[in-house]
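K.L.:
My questions concern the predicted model and sequence given below.
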Amino acid sequence: MKTLLITLALASTIVPQAAADAAVISIGSSGARTCYLSAAMKRHDQLAINECSNALSLDAMVGADRVATYVNRGIMYLLAKNRAAATRDFDAALSLDPIQPVAYLNKSVALYNAGLGRDAMALAPRALELRTGKPALAYYVRALGHEDGGNLRAAYADLMRARDLEPKWAEPAEQLKRYRRATR
C-alpha cells in the first residue's frame, strides 16, 4: 500500500504520493487566524497544535471559525502522522458543517494512510460533489482505493482525470506508467 504524503498545497503543486487540501482560511478570532497561518506554513509541532487547541477552547469561537480551526488542526495532526487525532478533528468539523469539502478530502487522506482505502475512497466523491479546491487529489485518492480493491479500470480512469486536472503534478502521471492498456 502506498502512503499519502501530507502537505498543504496552497500553490498548484502537490508533492508526490498525494497531499492534503489547503488549510481553511479563518477570518474571525485571532486564535483561529494563528491556527490557519500555522497550518498554511505546514507547522505541525506541539506549539502550533496547542495554539489551535487554545483557540478551540474559547466558547466565543463559533461557526465557520470553529470549523476551520478543527480542519486546520486536523491538517497539522496529519502532518505529524497522528491520523487518529486528525480524523477526530475532521469529524468534529463535519459535525458542525456537513458540507465542508476540505474536511472530507483530508479525512479521506487520513483514512487511506491508516490502511482504510475503501473508506477513503468513499469520501473522495463527497469532496468532489462539494467542489473541493483540490479535485485532482480527490480523484487520486479514489484511484488508490479502486486499485486496492482490484478495480484497475476505475483506478486508471481516476488517475487520468487527476493528471488532466493537475498536469504539473507528477504523481498521477508517474502512477499511470505502471498501467498498460490492453489492445485487442
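P.N.:
Yep, that arrived. Residues are numbered from 1 along each chain as shown.
K.L.:
Give me the most central residue, this structure.
P.N.:
Among the residues of the chain, the smallest C-alpha distance to the mean C-alpha position (Cα atoms, centre = their mean) belongs to N106, namely 2.5 Å.
K.L.:
And the helix or strand containing it, what does it pack against?
P.N.:
In this structure, N106 is located in helix 101-113 according to DSSP states H and E. Using 3 or more Cβ pairs under 8 Å, 6 or more residues apart in numbering; DSSP states H and E as the contact criterion, the neighbours of helix 101-113 among helices and strands are helix 63-79, helix 83-96, helix 117-129, helix 135-148. To be clear about C-beta, it is placed using only N, CA and C from the backbone, and glycine gets the same treatment.
K.L.:
how about the ones you listed in CSV, adding mean pLDDT, distance to W169 and mean neighbour count?
P.N.:
Output for the helices and strands packed on helix 101-113, formatted as CSV (pLDDT from 0 to 100; distance: least, Cβ to Cβ, whole Å; neighbours: other Cβ atoms under 10 Å):
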stretch, mean pLDDT, distance to W169, mean neighbour count
helix 63-79, 93, 18, 26
helix 83-96, 96, 22, 20
helix 117-129, 93, 16, 20
helix 135-148, 94, 6, 25
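K.L.:
For A155, find the nearest of those helices.
P.N.:
Proximity to A155 (Cβ to Cβ) singles out helix 135-148 among the helices and strands packed on helix 101-113, at 3.9 Å.
K.L.:
Tell me which other helices or strands that closest one touches.
P.N.:
Helices and strands in packing contact with helix 135-148 are listed as helix 101-113, helix 117-129, helix 152-165, helix 170-176; criterion 3+ Cβ pairs under 8 Å, 6+ apart.
K.L.:
Any buried residues in the last one, and which?
P.N.:
For helix 170-176, a neighbour-count test (16 or more other Cβ atoms under 10 Å) marks E171, P172, Q175 as buried.
K.L.:
same check, this time on stretch 149-160
P.N.:
Taking 16+ other Cβ under 10 Å as the basis for neighbour counts, the residues of stretch 149-160 that come out buried are A154, A155, Y156, D158, L159, M160.
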